[in-house]
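K.L.:
Quick one, fold the following:
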Amino acid sequence: MVEVLVILQLSISAAERDAVMRAAPPTQSISNRVYVSTADASAVPRIASMHGVASVLTHAESSVKQSNGLDDTEALFVDAWMSRLGQVKTRRGDQLDWDTPPMQPPDPKR
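P.N.:
Modelled structure (predicted):
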């Protein structure tokens, strides 16, 4: 399963929208035409070729056509989704035992 960003065309019919949402059910959405879903990697090309779909992006693809007619809120949602793709947090002490220096043990129970 891969996370995908689905952008539907402005002119999509209700029946086409329902078909796309059955194939790639929304897990997060900002509008009735821009949402995040999870799908089998092998199903992504089929979803992208469905009637009414403007774009389907995966983590490997990160370009959105500016001609998709996104409003400001939808564009912000897309930008936020794309910006988190490259983020990897590193934390001091990751993968170490809790008592490895310089980490401090938790406060004793009272």
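
K.L.:
in this protein, which ranges drop under the pLDDT threshold?
P.N.:
Scanning the chain for pLDDT under 70 picks out 60-68, 85-88.

K.L.:
quick one: the helices in it?
P.N.:
14-23, 44-48, 72-83 (DSSP state H).

K.L.:
Can you add mean neighbour count and distance to Leu57 and give these back as CSV?
P.N.:
Where you see a C-beta, it was placed from the backbone N, CA and C, and this is true even at glycine. Shown next, in CSV, are those (neighbours: other Cβ atoms under 10 Å; distance: least, Cβ to Cβ, whole Å):
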stretch, mean neighbour count, distance to Leu57
helix 14-23, 14, 14
helix 44-48, 15, 9
helix 72-83, 14, 8
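
K.L.:
From the chain's centre, how far out is stretch 77-84? Work that out for me.
P.N.:
Distance, stretch centre to chain centre, for stretch 77-84: 8 Å (Cα atoms, centre = their mean, to the nearest Å).

K.L.:
for stretch 97-110, same thing?
P.N.:
Distance, centroid of stretch 97-110 to centroid of chain: 36 Å (Cα atoms, centre = their mean).

K.L.:
Stretch 44-60 now?
P.N.:
Here stretch 44-60 is found 13 Å from its chain centre; the criterion is Cα atoms, centre = their mean.

K.L.:
Only alpha carbons, please: show it as PDB.
P.N.:
What follows is stretch 44-60, C-alpha atoms only, in PDB (Å, rounded to 0.1, in the frame of the first residue of the first chain):
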ATOM      1  CA  VAL A  44      -2.200   3.700  -9.000                       C
ATOM      2  CA  PRO A  45      -1.900   3.800 -12.800                       C
ATOM      3  CA  ARG A  46      -5.600   2.500 -13.100                       C
ATOM      4  CA  ILE A  47      -6.800   5.200 -10.600                       C
ATOM      5  CA  ALA A  48      -4.800   7.900 -12.500                       C
ATOM      6  CA  SER A  49      -6.500   6.800 -15.800                       C
ATOM      7  CA  MET A  50     -10.000   7.000 -14.400                       C
ATOM      8  CA  HIS A  51     -12.400   9.500 -15.900                       C
ATOM      9  CA  GLY A  52     -12.400  12.800 -13.900                       C
ATOM     10  CA  VAL A  53      -9.000  12.300 -12.300                       C
ATOM     11  CA  ALA A  54      -6.600  15.200 -12.900                       C
ATOM     12  CA  SER A  55      -3.600  13.900 -10.900                       C
ATOM     13  CA  VAL A  56      -2.500  11.000  -8.700                       C
ATOM     14  CA  LEU A  57       0.800  11.600  -6.900                       C
ATOM     15  CA  THR A  58       2.800   9.200  -4.900                       C
ATOM     16  CA  HIS A  59       5.900   9.800  -2.800                       C
ATOM     17  CA  ALA A  60       8.000   9.100  -5.900                       C
END
